[in-house]
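[1] coords below, sequence missing:
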Ligand code: BES
Ligand code: MN
Ligand code: MN
């Protein structure tokens, strides 16, 4: 039998096992789910053991454990390090899910005519890292492991990977490998398979604007005392100019401008603007003047309000002039923009534009660097060849807008360009209600990953 045949024969089993993992609500952001996050780590540990990994352990951290396991077939063979995360985003708001987020079901969608698995974490990242466990199982079962493998599956990606940072720095020898593979991104479609070669960085801020020392009657005081919500809205609105450029002084100083050739090439990727708008039910797109949608997401930095609150939001009306207003604001960054530097620029600017009538507090949350990886490495070539063999088409290199800050750490600390071999689609509703992952994407992903191992061995030997 072959690896491909094994995968085909075990489709049902592979799906059922993923379903069991998806039933564990491993939400790292919410302490209410603490036991479930630990349970998910145990689940991953057991699956690696069952698949045939050695030295499987839960590496304790100040937070949730990192699951490590390896199979060293022969020390002279190349070693592939697999990274993924078993934690998921909160499922809120629950009422917007068509089926409960931790009870996976398969349903058809326009982009997944053969069915998709609906559950929190199905695409981000349980369904994706689990493909590696299953590809490993298939290769082991068929006695066809072309490379050594090391798994490092963490439980704090969705909250900033603070402890993974330390773990990687302290365990360079243990994690020594020839390539690191991450399946936690998108591809354009199954018809246009792609490999991600760039991710944006992130600087996440929280602001608090305080007006009067207490909530006031908006009739008695309205018009005479600064309303912090009014002020906050005005401040936020001023962060973009009429061309949708960000107005923070120095924000663009380190942003790389790309050549026409580079941009033309990026824009050659298949992208259907009409379908994009239709799927989102928007009459038009919106963004920085002078750039296409692909460029706005892939190579340009952005600023978005992620949440804003204050005042009265309950039933009916309450005439109040609130004391405080709050917002969470994040900036997506491109290579060379340092998230700490950007956080400082933001803070200085935000304080500078506040009128004297209010006080402003700015608190930075987690951040991370962007990462761009080369297409001229054995790892990228192996990914391309694996895709060619599985899909019958060359992989299109794409730059994505999301962030996996740990990728820059792999480059810095391990000297490795991560191969971002993701199989989700941008419409899979990551972090949203009704997150899903195509059944075919899952199964093709398992097959492609096994092929990657085969091609990586050859490419490295060249
Ligand atoms: N898997 C995503 C990142 C991603 C999604 C990359 C889609 C490319 C395409 C990851 O789990 C994630 O959500 N990252 C966060 C940042 C993190 C520091 C919380 C993000 O991008 O918001
Ligand atoms: Mn992810
Ligand atoms: Mn995520």
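    Arrived safely, thanks for sending. A quick note: this is a predicted structure, and the numbers were derived from the prediction, not measured. Ligands and ions are numbered 1, 2, ... in the order given.
[2] Every contact and neighbour count from this point should use C-alpha atoms.
    Fine.
[3] Which pLDDT value belongs to the residue of the chain most remote from its centre?
    Distance from the centre of the chain peaks at residue 220, with 48.0 Å (C-alpha atoms, centre = their mean). Here, the pLDDT recorded for residue 220 equals 98.
[4] Pull up the gap between it and residue 227, please.
    Separation of residue 220 from residue 227 (C-alpha to C-alpha, to the nearest Å) stands at 13 Å.
[5] same check, this time on residue 210
    Residue 210 is 9 Å from residue 227, by C-alpha to C-alpha.
[6] joint contacts of those two?
    residue 323 (C-alpha atoms under 8 Å, 6 or more residues apart in numbering).
[7] Between those two, which is the more surrounded one?
    Neighbour tally, residue 210 and residue 227, criterion other C-alpha atoms under 10 Å: the higher count belongs to residue 227, 27 against 23.
[8] Residue 450 is in contact with residue 135, correct?
    Yes - with contact defined as C-alpha atoms under 8 Å, residue 135 counts as touching residue 450 (5.3 Å).
[9] the helices in the stretch 51-200 of the chain, which residues?
    126-141, 162-170 (DSSP state H, counting those that start in this stretch).
[10] Please identify the most buried of these.
    With neighbours defined as mean count of other C-alpha atoms under 10 Å, these peak in mean count at helix 126-141, which reaches a mean of 25.
[11] and the residue nearest to residue 106 when sequence neighbours are not counted, what does it touch?
    With C-alpha to C-alpha, 6 or more residues apart in numbering as the criterion, residue 106 has its nearest non-adjacent residue at 4.5 Å, and that residue is residue 117. Neighbouring residues of residue 117 by C-alpha under 8 Å, 6+ apart: 104-107, 436-439.
[12] try it again with 6 Å
    Neighbouring residues of residue 117 by C-alpha atoms under 6 Å, 6 or more residues apart in numbering: 105-106, 436-437.
[13] hey, what's it bridged with?
    Per DSSP bridges, the residues bridged to residue 117 are residue 106, residue 437.
[14] how close does it get to residue 258?
    Distance from residue 117 to residue 258, by C-alpha to C-alpha: 38 Å.
[15] Likewise for residue 18?
    Residue 18 is 41 Å from residue 258, where distance means C-alpha to C-alpha.
[16] These two: who's more crowded?
    Higher neighbour count among residue 18 and residue 258: residue 18, with 20 against 10, using other C-alpha under 10 Å.
[17] Before we go further, the more buried one is sitting in a helix, right?
    Yes - if the criterion is DSSP: H, G, I helix; E, B strand; the rest coil, then residue 18 is within a helix.
[18] Find residues that contact each of residue 135 and residue 450.
    With C-alpha under 6 Å, 6+ apart, residue 135 and residue 450 have no common neighbours.
[19] So which residues on the stretch 301-450 of the chain come close to ligand 1?
    Selection of the stretch 301-450 of the chain residues close to ligand 1 by C-alpha under 6 Å from any ligand atom yields 400, 402-404.
[20] how about those in a markdown table, adding pLDDT?
    Shown next, in a markdown table, are those (pLDDT from 0 to 100):
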| residue | pLDDT |
| --- | --- |
| 400 | 98 |
| 402 | 97 |
| 403 | 97 |
| 404 | 96 |
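[21] from those, which single one is nearest residue 169?
    residue 404 (16.9 Å; C-alpha to C-alpha).
[22] residue boundaries of the strands in the stretch 1-150 of the chain?
    Here the stretch 1-150 of the chain has its strands, by DSSP state E, counting those that start in this stretch, at 54-59, 66-71, 79-85, 105-109, 112-118, 148-154.
[23] can I get those strands in TSV with distance to residue 24?
    Formatted as TSV, these follow (distance: least, C-alpha to C-alpha, whole Å):
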stretch	distance to residue 24
strand 54-59	17
strand 66-71	16
strand 79-85	14
strand 105-109	14
strand 112-118	14
strand 148-154	15
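[24] give me the element residue 451 is part of.
    helix 439-461 (DSSP states H and E).
[25] Let's verify residue 379: helix, strand, or coil?
    helix.
[26] can you check residue 294 too?
    helix.
[27] what's the distance between residue 190 and ligand 1?
    Residue 190 is 16 Å from ligand 1, where distance means C-alpha to the nearest ligand atom, to the nearest Å.
[28] and this protein, what are its domains?
    Domain segmentation of the chain under automatic domain parsing yields 3-199+370-461, 201-255+301-368.
[29] wait, is the residue farthest from the centre of the chain part of a strand?
    No - using three-state DSSP, the assignment for residue 220 is coil, not a strand.
[30] Ligand 2 contacts on the protein?
    Residues of the chain lying near ligand 2 by C-alpha under 5 Å from the ion: 124-125, 184.
[31] ok, which stretches of the stretch 201-350 of the chain are helices?
    Taking DSSP H, counting those that start in this stretch to define them, one finds helices in the stretch 201-350 of the chain at 228-237, 260-267, 273-280, 293-298, 339-352.
[32] May I see these arranged in CSV, with mean neighbour count, distance to residue 254 and mean pLDDT as well?
    CSV is the format used below for those (neighbours: other C-alpha atoms under 10 Å; distance: least, C-alpha to C-alpha, whole Å; pLDDT from 0 to 100):
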stretch, mean neighbour count, distance to residue 254, mean pLDDT
helix 228-237, 17, 23, 98
helix 260-267, 13, 18, 96
helix 273-280, 12, 30, 96
helix 293-298, 19, 16, 98
helix 339-352, 18, 10, 98
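[33] For residue 113, find the nearest of these.
    helix 273-280 (15.4 Å).
[34] hmm, who's touching that closest one?
    So helix 273-280 is contacted by nothing (C-alpha under 6 Å, 6+ apart).
[35] how far out from the middle of the chain is that helix?
    22 Å (C-alpha atoms, centre = their mean, to the nearest Å).
[36] Repeat that for stretch 76-90.
    If you compare the mean C-alpha spot of stretch 76-90 with that of the full chain, they lie 14 Å apart, counting by C-alpha atoms, centre = their mean.
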